[in-house]
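A.B. asks: Coordinates for the following, if possible.
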Amino acid sequence: MNAYVAYMRPRTFGPTFVFPLTGYALSPGRPTEPLWVARDLGLMFLVYSVLLWGGTNAYNSSHDRDVGPVNLLPDPPPIPPHLASFGLTAKALACVLSFALFGIRAAALACVAAMLSVLYSRRRSGPNRRGKDIPGVDIAINALGCGLGSVLFGFVVSGEPLTPFVAVVGLAFSVAIFGGVPTSQIFQRPEAGGGDHDENYTSRLGPARTLRVGAMLLVVHAVVLSMATTEAEWSWSGATRTLVGTWLLLVMAGAIHSWRWSRTPLVAPYRKMLRQMSLMMTSQLAWTVAAFSATTVGVD
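C.D. replies: Down below sits the predicted model:
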């Protein structure tokens, strides 16, 4: 059982929980009572991070047959039998619980994410390649799922109707993720000492160009989200302004780091990937905390 849990990559559960947490922070329908907020967050963590995200990781590794380092699992154990079925079961349970706990919209988003992850990972015979092996499609699936899809999922947990602002925020984070996620492909490439010989976005562009494009996309993310945040109907305070400023500084630090990394893309790529991801996740967390403090919530 330890191998099954390892391939869910538990070290990713906490950082990736920021994705739906951003949407939840924007909802004016979230409860004001701390115990009810804790309940929502605990259930959302179980459904999204453990079952949906963890199941997706396990299913992906079952088709990749991972033997070398993967994200936050530098030394994967031997692939256990039935790992694909284990991953599918976890994702199916996430869909069922999403409906039971959060309603039809959350369940629909979870099911779409589960199906996209199958499209992304499943190897099949014939001319139809899996999404992970189509350069550009591989990153687009990740960006839409972790950005727009996750923000919408967190928002609908409270039952509120969707707004254009939430969609813009989700798309802005999709742009950031499209810029940053390809860094996780660099250390897995054969030229960097990894064992991934499949064609993907990074192999098509090359590591250096991938990092420069990523830096520019982070700048686009900063511009779009800055404009949206400025127009938001928030209750601005000194703490909120400080947090938004921190978000912007971290995003720009990520852009600079990506551009500088492009000069020597194959030098210490795993360590630099962890640094890049840390900058991105911390920046999103800062913006999310700002949204929590600035969004006016209703009465229980």
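A.B. asks: contacting residues for V251?
C.D. replies: Shown in contact with V251 (Cβ atoms under 8 Å, 6 or more residues apart in numbering): A176, L218, H221, A222, L279, M280, S283. In this view, the C-beta of every residue, glycine as well, is placed from N, C-alpha and C.
A.B. asks: And for F102?
C.D. replies: Here F102 is in contact with L43, M44, V47, V156, V157, G159 (Cβ under 8 Å, 6+ apart).
A.B. asks: could you redo those as a markdown table and give each row neighbour count?
C.D. replies: Listed next are those as a markdown table, based on neighbours: other Cβ atoms under 10 Å:
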| residue | neighbour count |
| --- | --- |
| L43 | 16 |
| M44 | 22 |
| V47 | 26 |
| V156 | 26 |
| V157 | 26 |
| G159 | 13 |
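A.B. asks: List the buried residues in stretch 95-115.
C.D. replies: By 16 or more other Cβ atoms under 10 Å, the buried positions in stretch 95-115 come out as 95, 97-98, 101-102, 105-111, 113-114.
A.B. asks: Can you lay out the contacts of V251 as TSV showing pLDDT?
C.D. replies: Listed next are these as TSV, based on pLDDT from 0 to 100:
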residue	pLDDT
A176	97
L218	98
H221	98
A222	98
L279	96
M280	96
S283	97
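A.B. asks: if you look at the residues you listed, which of them are in helices?
C.D. replies: Counted as lying in helices by DSSP state H, out of those, are A176, L218, H221, A222, L279, M280, S283.
A.B. asks: between those residues, which is nearest T12?
C.D. replies: M280 (13.4 Å; Cβ to Cβ).
A.B. asks: Now for that closest one: which residues touch it?
C.D. replies: When contacts are counted by Cβ under 8 Å, 6+ apart, M280 touches A176, I177, G180, L218, L250, V251, G254.
A.B. asks: A294 too?
C.D. replies: Contacts of A294 by Cβ under 8 Å, 6+ apart are A232, W234, S235, W236, S237, T240.
A.B. asks: Please tabulate the residues you listed in a markdown table and include neighbour count, pLDDT and secondary structure as additional columns.
C.D. replies: Formatted as a markdown table, the contacts of A294 follow (neighbours: other Cβ atoms under 10 Å; pLDDT from 0 to 100; DSSP: H, G, I helix; E, B strand; the rest coil):
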| residue | neighbour count | pLDDT | secondary structure |
| --- | --- | --- | --- |
| A232 | 18 | 88 | coil |
| W234 | 17 | 91 | coil |
| S235 | 10 | 89 | coil |
| W236 | 14 | 90 | coil |
| S237 | 12 | 92 | coil |
| T240 | 19 | 94 | helix |
